[in-house]
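Undergrad: Got a predicted structure here, sequence first:
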Amino acid sequence: MANHKSAEKRMRQNLKRRMRNKMRKTRIKNLIRAFEESLSAKDLAAAEERLKAAQKFIDKTAGKGTLHWKTAARKISRLYKKLNALKKAS
């Protein structure tokens with residue numbers, strides 16, 4: 001347990017930041033899952049819309065520092081690769 005006022009404040013800040021980061025990462029996972037469901041249903045229009053939303057949020061999260069920018073780029077790249085494979089197949 002914290003013994004100083006500044007340490008107590010730091011604990012409160014860390015808790016808020018951890019919850020905020022957790023919310024953002026969970027939202028990314030949900031956006032990716034929705035995109036992959038569109039892919040499995042072979043719905044190109046919905047997949048493109050969901051990919052656009054996922055890319056926007058992943059980039060925003062990387063900008064806030066929750067994700068490393070290279071991790072964000074890798075996730076987006078893999079999503080586009082899956083979309084392009086579906087386009088090529090159909």
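TA: Cool, got the structure.

Undergrad: and residue 55, how many neighbours?
TA: 17 (other CB atoms under 10 Å). For the C-beta atoms, the positions are set from N, CA and C on the backbone; glycine is no exception.

Undergrad: Please report how far the residue nearest to it when sequence neighbours are not counted lies from residue 68.
TA: Nearest non-adjacent residue to residue 55, counting by CB to CB, 6 or more residues apart in numbering: residue 76, 5.2 Å away. The gap separating residue 76 from residue 68 is 13 Å, by CB to CB, to the nearest Å.

Undergrad: same deal with residue 5?
TA: Between residue 5 and residue 68 the computed distance is 33 Å (CB to CB).

Undergrad: one step back: between residue 76 and residue 68, which is the more surrounded one?
TA: For residue 76 and residue 68, the more surrounded residue by other CB under 10 Å is residue 76, and the numbers stand at 17 against 10.

Undergrad: all helices in this protein, in order from the N-terminus.
TA: Secondary structure of the chain (DSSP state H): helices at 5-40, 44-64, 69-89.

Undergrad: Including mean pLDDT, could those go into TSV?
TA: Putting the helices of the chain into TSV (pLDDT from 0 to 100) gives the following:
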stretch	mean pLDDT
helix 5-40	97
helix 44-64	97
helix 69-89	97
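
Undergrad: Just name the most buried of those helices.
TA: Ranked by mean neighbour count under mean count of other CB atoms under 10 Å, these are led by helix 44-64, which reaches a mean of 16.

Undergrad: Identify the residues contacting that one?
TA: With contacts defined as CB atoms under 8 Å, 6 or more residues apart in numbering, helix 44-64 is touched by 24-25, 27-28, 31-32, 34-35, 38-39, 67-69, 71-73, 75-76, 79-80, 83, 86-87, 90.

Undergrad: ok, now with 7 Å
TA: For helix 44-64, contacts defined as CB atoms under 7 Å, 6 or more residues apart in numbering pick out 24, 27-28, 31-32, 34-35, 38-39, 67, 69, 72, 75-76, 79, 83, 86-87.
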